[in-house]
Each structure stands twice: as C-alpha cells, then as structure tokens.
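# predicted coordinates and the sequence they were generated for:
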Amino acid sequence: MTSPSTTPELKRNRGILLLIAGLFGLPILVAWLLTSGWVEMGGRDQLNHGDFIKPALDLEKLPLAPGSQVLRELAPADWAMLYVGAGSCDDLCVRTLRELATVRSVIGNELTRVSVFGLLASASAPPVAQAPLPRLLIDPATVLAIDAALRARGGSVALPRIVFLDWRGQLMMSFAPDSPPADIKQDLKRLLKASAIR
C-alpha cells in the first residue's frame, strides 16, 4: 500500500519524465513533419526576392565560348552577377549593368568577392554611357542554352534576366531586370554570408 506522501512524489517524477521526453522528442517530431511534407513552412520563399533556379544550372553542361571562360574561373567563394540578354546591349542592358555595379559597390567589404558581367547573344556598340560598363561577354550559344533552361524550369521566365553565378559554375538565382536593387543586394549579401570561407 502506497503512503499518501509517495503519491504526489510519483506524480511529480512522472511529470518530470514526460517533460524531459517532450524536450527531446518534440524537435524530432517537428523536423520529421517539416521534411516529410506534412507541414509547409509559411513564408519560407518570402526570404528571397529572386527566383531560385531549381535545380541549379551547371555552366559545365553549357556550350561556353572561349570568350566567356572567365565565368568558369571565379575564385573559391566568389560570385558573379550576370545580365543575360538575348540581343545586344541596349538601354535596358546599360541601365541594369549600371545598377548591378552600384549594388556591388555598396555591399561593403564583400565587394571583392563579386564580379559583374553582361552575357549577350550579339555584339554592337552599346548606347553612349557616362561611365565604363562592366565587362561584356558575347556568347550566343550559352545565352540560348540559358534561355532554354530557364524556360524549362520556370515556365514563363524569359530573357533578359539577372542571374547569380557561384564559383562552382552554378547559376543559382534569377531576377527580372526591373527588380529593385535593394532586393538584389539583400539576396546577394545572404548568399555571400552563407558561402564565406572562414
């Protein structure tokens, strides 16, 4: 027969045991629910302003011309912002490249890890610019391949696009040319921070 003083102690011990089990078991249950698709994380895609290219597009699988080889030679942990256009460098191209150069200049001490390029399908003299433009690469086959891959992945996604390229040669994220520079900067800073070599 249990004494009256033992019953509250048993209840308390049982409560402590359940609390410990909950502390260890609850995170495992939540992780399982999230990874199994039972629960969708609300707002998960709102963290990024650009569109992730899923799966990432590998430059090694594209017919990159010798003039665009620089895109395969990024230093470890470096990134490039590309303006990919189906024609030559028109007014939109000039304006977008200038904005990308400005984004690069305002990201702080990480700017040395970022390059800006125009990747175009055809060459012609760009409109008169007040300041030098970032480097223009003319590579119609690669532009065509990127266009086809983006359309296959995103349906209505069409050139011109701003694309983030990582040092492994993966096209990771794309933006419309009229995307706010602040949004591009925010996503770029997040990717730079995540890929920093320490």
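Happy to help now that I have it. Bear in mind that the values here come from a model prediction, so they are computed numbers and not experimental data.

# which residue is nearest the centroid of the chain?
Nearest residue to the geometric centre of the chain (CA atoms, centre = their mean): residue 173, 4.1 Å.

# strands of the protein, start to end?
Per DSSP state E, the chain carries strands over the ranges 51-58, 79-85, 114-120, 135-138, 161-166, 170-175.

# the third one vs strand 161-166, what angle?
So that's strand 114-120. 130 degrees (axes from the mean of the first three to the mean of the last three CA atoms, to 10 degrees).

# need the contact list for residue 143.
For residue 143, the contacting residues are 84, 85, 86, 119, 120, 121, 159, by CB atoms under 8 Å, 6 or more residues apart in numbering. Yep, even glycine has a C-beta here, placed from its N, CA and C like the rest.

# list the contacts of the closest residue in space to residue 177 that isn't next to it in sequence.
Excluding the flanking residues, the one nearest residue 177 by CB to CB, 6 or more residues apart in numbering is residue 96, at 4.7 Å. By CB under 8 Å, 6+ apart, the contact set of residue 96 is 83, 160, 162, 177.

# which of those has the largest number of neighbours?
residue 83 (28 neighbours; other CB atoms under 10 Å).

# roughly how far apart are it and residue 189?
19 Å (CB to CB, to the nearest Å).

# low-confidence ranges, the protein, go.
Residue ranges of the chain with pLDDT under 70: 1-6, 32-47, 125-131, 154-156, 197-198.

# please enumerate the helices of it.
Applying DSSP state H to the chain gives helices spanning 6-36, 91-105, 140-154, 181-194.

# give me the domain ranges for the chain.
1-40, 48-194 (automatic domain parsing).

# point out the most buried one among those domains.
Comparing the domains of the chain by mean neighbour count (mean count of other CB atoms under 10 Å), domain 48-194 ranks first with a mean of 17.

# chain center to that domain, what's the gap?
Centroid separation for domain 48-194 versus its chain: 11 Å, with CA atoms, centre = their mean, to the nearest Å.

# what's the span of it from first residue to last?
Its first and final residues considered, domain 48-194 spans 13 Å by CA to CA, to the nearest Å.

# ditto for stretch 147-161
Terminal residues of stretch 147-161 are spaced 9 Å apart (CA to CA).

# and the contacts of it?
51, 53-54, 57, 62, 83-86, 92-93, 96, 143, 146, 171, 174-177.

# do stretch 53-63 as well
Under CB under 8 Å, 6+ apart, the answer for stretch 53-63 is 71-72, 141-142, 145-146, 149-150, 153-154, 163, 165, 169-174.

# picking up where we left off before, looking at the contacts of residue 96, which one is closest to residue 195?
residue 162 (18.2 Å; CB to CB).

# the closest one pairs with what?
residue 83, residue 175 (DSSP bridges).
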